[in-house]
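In: all I have is the shape, not the residue letters:
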Ligand SMILES: Cc1ncc(C[n+]2csc(CCOP(=O)(O)OP(=O)(O)O)c2C)c(N)n1
Ligand SMILES: Cc1ncc(C[n+]2csc(CCOP(=O)(O)OP(=O)(O)O)c2C)c(N)n1
Ligand code: SF4
Ligand code: SF4
Ligand code: SF4
Ligand code: SF4
Ligand code: SF4
Ligand code: SF4
Ligand SMILES: [Mg+2]
Ligand SMILES: [Mg+2]
């Protein structure tokens, strides 16, 4: 932990998360990824929305902003566009990013603006006590689906890819080392990167859905995750009920703020046509 | 036209659209599709957002509602869920559905609620005089991209498919007969159907982008559209700069209001577990 | 005559003129459509199909004949 | 000792206990973690990696030895 | 104070004409205000631009009592024609305004768009011809300022044609007097 | 009027305990109000439930002067312990509250959670034991109403254990007196 | 057997809505209003009604309006941040005259503020939060029982006047549990929107009746009318005409203002002969009542006007009930909002604003102090 | 050579913003404000600034706040429906004290209303549109030149007081073109937000200075502070403490109210000795001026107080300037909004509200009538 100590606001700890909540594990993974990429601390901005997960920004010793529910990406877009020198990392929940913030999410993907978004995906609205989210599996028991959730969840990776994101990966709290690596690669990508980080909410999801305690929920992650390479060799039947982790997509496309800077250079006669 | 006469509020004509605007052509295609499907007029509701295209609802002799910008789908969702007997058709612009309304769009896809959405896609904000939309091609000259648009457009079909829509098609104002057919199939689909209807805005798009007059813009549609069957046989190089029309996607998934009714039946002890 | 034209609705966009396979249609000096060559009309319906303003109706000759 | 435990931060979730490959850890009666079998610890770092509360730090013996 | 109202349909460039007229007044060293009203929606329908020119500060920005009203379409004539009284002039583009109603105003019918098409090859110069005619008839602004204001606004390469358009307007005005 | 404050940490079920106590009072035919305060956020931290029981209508819903304060954690004890004065009782769960501070109140330390674990096998019954102890010590509500209120709230199949929990609470209270 | 129950304010609110006939709920969770949604999710499907959690508050508002257009009594619930987001569509409901109820359980703001702490900071917003002139009804209960009654009234008013009604709860009342005895369903007077008496051919969807309120045909009933947020004529079709605009915009406000008497709900206590009158509402009225009793015990003549209807502000009532008071005290859990209206209509000199904005309910002592200061000074 | 130009109100507003140092714009098009965005799209990149059209108004507001946090003066522009949507994040900017300017070019509402017609229907919303207590500055120009000046002032105030400032234009001024002579850049006094004088180690991001305003460190400068919409301490970290909450919420309002004098912009004409005083603002002041001159020609002693700053409502100024008037006339293109404040502070009896809501500007005659009625009656 020593390496990431300087990235933590020690005085803000202990954090507010419930015992066994996976958010702390993801936070540590993110900090290790930042360390791995050797981002300049003072040029790094952490932007979060609202939710249990989004409280993470408060524990991180950077320029940090805890915005409004669903709006981390617009704020982040303003920050990055106004000052492209800044490394901008967004922390968001599954509800924050795909319910109220779904539109901002697909538009950030489309613009391919150089922001790395880590979705703390616990399949539920944790902060408000367990309502279903757009990533809750069908059948989920939530306080607003007492008889089982009728809707289908998004395939967030497919959505991000269709919307234009140039790096999409999935990891879990259990696979914390791999997750660090996936986030680091997302940061390295010059464009909009999405890391779907699966985590456990023992209180607002686990209990109602009989998932057992925190350790059992992490065991579930271990048992149901399939590495992308392995998945490629598996039949659909074998993959049923499982989910794929690893780097799911990588592509090239012009990055928004770089294009903008080129336009400015062109207009100011400082650069050629680009 | 006789067949669709009864579906038109004659007293509201002539409509407000500019000379050569494709919206009138799409409107007629939609009315023919409704006629083809023999929807019961009084059980049919037309919901639109705000934009030139969304004014279409006012000319249609059904239960019609012209909502707020981007919000046609939430209104339509309320209408359909409250009374699943109603046939609900949404008319929306490219801005209305994918800019401000983008989130509602992907969520309606995800829920697979039985609504047919026709996007009057002119690649621009017509009503407000020609600002770029999320479907404006890169490089578009718009009043808010005087130096050429820097962003990439959505592939709206890919987005709808990734989000869960069970019927996705694309047509054009030029191919009005085929378009009628595609809309009719969308109406027939028990689930969320999207028809991306490409149309010309000679005033706010055509002029600035040197597309010529309305007829030339329709000629452009003719020249750049490739039928889905033909496209399947073409190489990517051959397809560059073209777009594919026809039925792009069809799949099966539980329809939201039907699932809801089953849940009610179950709770009221009227049906078995379903 | 196979066409019913509603000049009040016509906005003179020229779409029908451009896509009529038989060059039947033209715009007058007030910019409204008229049948320059009615005899050439084959009642194909293209003009009605593509007129954005509900200004043209094609009466199918088959029906006419049946009367 | 290879582990530094911050009892103030520990919330007793049991994750470290469950995933320690050597059954080194256990919760005390106040629900806080402690080293039941410190001698078994192989400094693998799993507990630090998965503790959500920054309550455990594993001091790598390699480093210790170097000092 | 001079109050001028320019009416017609959407695409005729009357708002631009209003702006140019007001800009010419500013070049003349006068006070000027230009406003427009849209229909209930942005698209199609009748369009209207107003210009007030005065030697002193102008409080109220809308025309209350028009000195000149230009009607470039039948619809605009029907809708706005009555807004000019006995003391004013009502200039109509006879290309489009075919059915005239009684008016107390001095009625001047000029073939504005016809002239644009026939003499300049494109009807898009009609608004500038109309300006020439208005200024020719009413001397609201100086001819030099009008020319300067027009040239400052029109696309490069069209200067000659636009100057010609002004001349045509003045000629039409003269012929009508 | 009786004012009771139940404090502890998030997962200890003290808000439920407050509700049950108030419901027991209603069963007794009394007026009752139950409120809670959360920390700045919904998760973790100290939690507090308040109950007011009275024979007449209750205007003000918050406890101003506690007759009984229960502290089920050290943190809660530190934070809220001072809210009860000389006339009141301060009941602490000695399982968790190890460092006691001076208090003018009557201090009663009971091994509530310990008893739950040892006698009922699970600490989740601690809140019900606490209720038994409070009622045993203060007779705020009748024992029958307490039992009825508890049984109306707890999951099916746990009735016996919960009744036992109440008994344990009463026993602890008695032992303390 | 007594029907007495311990019940939470939010629950009483939800039960009142169901009792009043609400069968559709669309919303988005937010503390401290979430219980209302959760109860609806549990109860509505059992009654054949529909609950849907939408993707955000805007969508919740849109779906609520949409459902109401089919003839179903519809509800949404939220708190500050969500209430701000709903404002555009609340204005739509005003303009298109779609009956619906919006519960706003106020929490401490601005912005995210203190999500679990009480405040009454949205009082002015509930009147003025959407753009453009409009009329609106806002009710604020002061007890759990009132939360039930006001829920029923809000549905009734929304139906009767074809308008959105805001039920402005606060965290004090919303989260507090108290003993209540609720009326039987048969004791309730329920109001349903007027339906057309004319045939589809002659029916004009926005032609007001004598009460200023048009009849409403549900979608699907064969009336092919148009609904729009644009200014529209009696037929519902868009129009930019000055007379049409003036008539419509004024009517949207006047249909509510003229019904002020019908809409005004309040309680009073000891106004006659009072030197000091407390004008109070919502959760802070509980502290005000307690303070009043303490003051009376000290011999001060103090009365209370507790407003339940806060908008349209009951001008005549407030003037009437405060006219003999030497001092008018307005305690609010905000920096002074409704006090502005009291000052406007009762005159500034006599009015004392008592405010608290630290995320806690007043203590009775604080209000007592002001009463004593007023009682003593005169 | 004269610098006189014909210029549209929206353009003057945009040019004023640029002159005041705005280098970031994020918004979403909406009539009648779109020209502001369009000019920004054209001009900002030439100056190295940034324009972005976001996916909706909420995103436009979010990006504007985000950009400002990096130290760039930031702007957004909208009209009624978009202004309603921005309310939640306007509250965020209040709470997190992020300088930014929101232009709202008012159109006829409610809802979609009449998008191209003038109104002044958002006056109360501009003060109260977001949930929770907060302070805010709202300026409304009455001419094209004022649109420029007020744009500069709005940026300056936002920087000085670390607050969102609303520039409330109306369609009359926004779309009208008139002759203006604009000041040279060097004549303008520009204000920049205070930056920290302390080191990152000791700096407290929300510790107010003597003026109630904290210094602000731009992101990227090495100050690792936290920004949140939750109630927070001087460090910026969340806290639910009562004292912290009270201090913060009161300060958000008081830092602005205490600067009332600095913030208040107005013009006056012939107040001394006037029997009738017009209190006017924005586009309707143009008709009021014309009416005043007509009335004077008829011998009525009439003066005018034209408010440019409408919020915080200039209480002392209005009391002072109206104290000798027998009648106070408040003409507004709404059903009567700011008149409420005038009544509250000047007393109801003398105040006459003149309103118009048909989508047209007042004619001078209408206001004249009221002046004559007042002038005659007394
Ligand atoms: C505008 C708005 N709507 C609703 C809320 C209430 N709210 C806070 S967090 C949250 C959902 C959190 O879910 P998620 O994003 O998945 O985060 P988690 O708590 O699960 O980490 C909601 C609905 C809010 N604060 N603001
Ligand atoms: C909340 C809100 N924001 C912005 C607007 C302004 N506006 C009206 S239509 C429109 C865009 C229309 O574009 P599109 O949906 O593509 O429809 P089109 O006019 O091209 O058919 C905008 C931005 C509005 N009416 N409401
Ligand atoms: S509610 Fe769930 S997500 Fe939130 S802190 Fe607790 S465990 Fe974590
Ligand atoms: S602006 Fe474009 S989309 Fe709108 S009516 Fe005109 S041509 Fe059609
Ligand atoms: S029916 Fe066919 S041939 Fe006849 S006018 Fe129309 S397009 Fe031409
Ligand atoms: S297509 Fe229709 S509107 Fe266009 S010219 Fe022909 S008839 Fe007229
Ligand atoms: S370092 Fe490894 S072996 Fe040692 S306690 Fe931690 S998990 Fe167990
Ligand atoms: S994982 Fe951390 S918080 Fe959980 S028991 Fe172990 S040390 Fe304590
Ligand atoms: Mg979540
Ligand atoms: Mg469009």
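Out: Perfect, thanks for sending it. These numbers come from a predicted model, not from an experiment. Numbering: from 1, shown residues only, chains lettered A, B, ... in the order given. Ligands and ions are numbered 1, 2, ... in the order given.

In: from now on I want contacts and neighbour counts done on CA atoms only, so please keep to that.
Out: Noted.

In: who's in contact with stretch A:226-235?
Out: Where contact means CA atoms under 8 Å, 6 or more residues apart in numbering or on different chains, the residues beyond stretch A:226-235 that reach it are A:239, A:242, A:243, A:244, A:245, A:246, A:247, A:248.

In: among those residues, the buried ones, what's the ChimeraX command?
Out: The following ChimeraX line selects those of the contacts of stretch A:226-235 that are buried, judged by 16 or more other CA atoms under 10 Å in any protein chain shown:
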select /A:239,243,244,245,246,247,248
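
In: out of the contacts of stretch A:226-235, which are inside helices?
Out: Using DSSP state H to define helices, the subset of the contacts of stretch A:226-235 located there is residue A:239.

In: of the contacts of stretch A:226-235, which is the nearest to residue E:167?
Out: Proximity of the contacts of stretch A:226-235 to residue E:167 was ranked by CA to CA; the top entry is residue A:248 with 69.0 Å.

In: what's near enough to touch that closest one?
Out: A:157, A:167, A:168, A:169, A:170, A:228.

In: quick one: the last one and residue A:242, what's the gap?
Out: Right, the one you point to is residue A:228. The span separating residue A:228 from residue A:242 equals 11 Å under the rule CA to CA, to the nearest Å.

In: quick revisit: which of the contacts of residue A:248 lies closest to residue F:108?
Out: Minimum separation from residue F:108 among the contacts of residue A:248 (CA to CA) is found for residue A:170, which lies at 53.0 Å.

In: how close does the closest one sit to chain G?
Out: Per CA to the nearest CA, to the nearest Å, residue A:170 is found 23 Å from chain G.

In: where does the prediction get shaky in the stretch 1-150 of chain A?
Out: Along the stretch 1-150 of chain A, segments meeting pLDDT under 70 span A:1-2.

In: filtering the contacts of stretch A:226-235 by proximity to ligand 4, which remain?
Out: Cross-checking the contacts of stretch A:226-235 against ligand 4 (CA under 6 Å from any ligand atom) gives no overlapping residues.

In: of all the contacts of stretch A:226-235, which two lie farthest apart?
Out: Taking CA to CA, the two most distant members of the contacts of stretch A:226-235 are A:239 and A:247; they sit 17.0 Å apart.

In: which other helices and strands does the one helix or strand residue A:88 maps to contact?
Out: For residue A:88, the enclosing helix or strand under DSSP states H and E is strand A:87-93. Using 3 or more CA pairs under 8 Å, 6 or more residues apart in numbering or on different chains; DSSP states H and E as the contact criterion, the neighbours of strand A:87-93 among helices and strands are strand A:44-48, helix A:72-82, strand A:115-121.

In: near chain H at all, the second one?
Out: In this case it means helix A:72-82. Yes - with CA under 8 Å from any CA of the partner chain as the measure, helix A:72-82 is seen reaching chain H through A:74, A:75, A:76, A:77, A:78, A:79, A:80, A:81, A:82.

In: for that helix, name the packing helices and strands.
Out: In terms of contact count using 3+ CA pairs under 8 Å, 6+ apart, helix A:72-82 is assigned the packing partners strand A:44-48, strand A:87-93, helix A:102-111, strand A:115-121, helix H:57-69.

In: chain center to the first one, what's the gap?
Out: Chain-centre distance of strand A:44-48: 12 Å, with CA atoms, centre = their mean, to the nearest Å.

In: wait, a strand at residue G:35?
Out: No - inclusion of residue G:35 in a strand is not indicated when DSSP: H, G, I helix; E, B strand; the rest coil is applied; the result is helix.

In: how far away is it from residue B:203?
Out: In terms of CA to CA, residue G:35 sits 51 Å off from residue B:203.

In: residue G:167 now?
Out: 46 Å.

In: check which helix or strand covers the closest residue in space to residue G:351 that isn't next to it in sequence.
Out: Leaving aside its chain neighbours, residue G:351 sits nearest to residue G:328 (4.7 Å; criterion: CA to CA, 6 or more residues apart in numbering or on different chains). Secondary structure assigned from DSSP H and E places residue G:328 in strand G:327-332.

In: contacts for that strand?
Out: By CA under 8 Å, 6+ apart, the list of residues contacting strand G:327-332 reads G:120, G:275-281, G:284-285, G:288, G:322, G:338-339, G:350-356, G:367, G:370-371, G:374.

In: now, these that are in helices?
Out: G:284, G:285, G:288, G:322, G:339, G:367, G:370, G:371, G:374.

In: wait, which of those residues is closest to ligand 9?
Out: residue G:284 (34.5 Å; CA to the ion).

In: fine by me, we can end here.
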